[in-house]
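Chemist: Here you go, sequence then predicted model.
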Amino acid sequence: MDTVTGFLLFLALTLAALGIAVVSGFEARRKIHIPAVASAVVLLLVTIYFAERLGRQYDLESAGAIYPVHLFFAKTTTPAYLLPILTGIRTLKRPETLVWHKRLAFLVLLLTVITAGTGTAMVFMADKLPS
Ligand code: HEM
């Protein structure tokens, strides 16, 4: 699959799965919520694969300060997914964890938006390498 198409397709699918995860979480529909989260994580990994392939077509350092900023958010956001996953698993046994699950879920969603935004800006600002 063409790198740009693959990236845009899997980014859209990841956002759709995250949207379903948030709505089903608020509706307490666990049989939808948990598979939606699992799908979002797998789709995110595929999106990261295409993003890295896309990045190899550009001189990312030429984008300037946005490059280390994006790398910082990318390296923080990916492991941060463990926070809602672990608190979500704990909420199944201890419902009082839900308040922390919700806070951390929204923190991760915010980090995801920042990572996607800085990544898109970085690619737009970078010089394309000759192919
Ligand atoms: C990125 C990952 C996740 C996001 C964005 C997310 C988001 C949410 C949101 C917004 C809620 C509603 C909170 C509220 O009603 O105040 C929720 C509830 C919940 N989530 Fe998650 N979640 C994630 C991962 C998980 C995982 C991995 C599990 C378990 C394996 C899980 C289990 C639950 C449970 C049990 C509830 C409570 C449902 C109920 O009230 O019956 N979540 N989640």
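Modeler: Received the coordinates, thanks. Please read these numbers as outputs of a predicted model, since none were measured by experiment. Residues are numbered from 1 along each chain as shown.
Chemist: wait, what's in contact with the residue most central in space within the chain?
Modeler: In the chain, the residue lying closest to the centroid (C-alpha atoms, centre = their mean) is Thr112, at 4.5 Å. Applying C-beta atoms under 8 Å, 6 or more residues apart in numbering, one finds that Thr112 lies in contact with 18, 77. Heads up, the C-betas are built off the backbone N, CA and C, glycines and all.
Chemist: Which positions in stretch 65-76 come out as buried?
Modeler: Buried residues in stretch 65-76, counting neighbours by 16 or more other C-beta atoms under 10 Å, are found at 66-67, 70, 73-74.
Chemist: Okay, the residue nearest to the centre of the chain and the ligand: tell me how far apart.
Modeler: 8 Å (C-beta to the nearest ligand atom, to the nearest Å).
Chemist: Then Gly6?
Modeler: As for Gly6, its distance to the ligand is 22 Å (criterion: C-beta to the nearest ligand atom).
Chemist: Great, nothing more from me.
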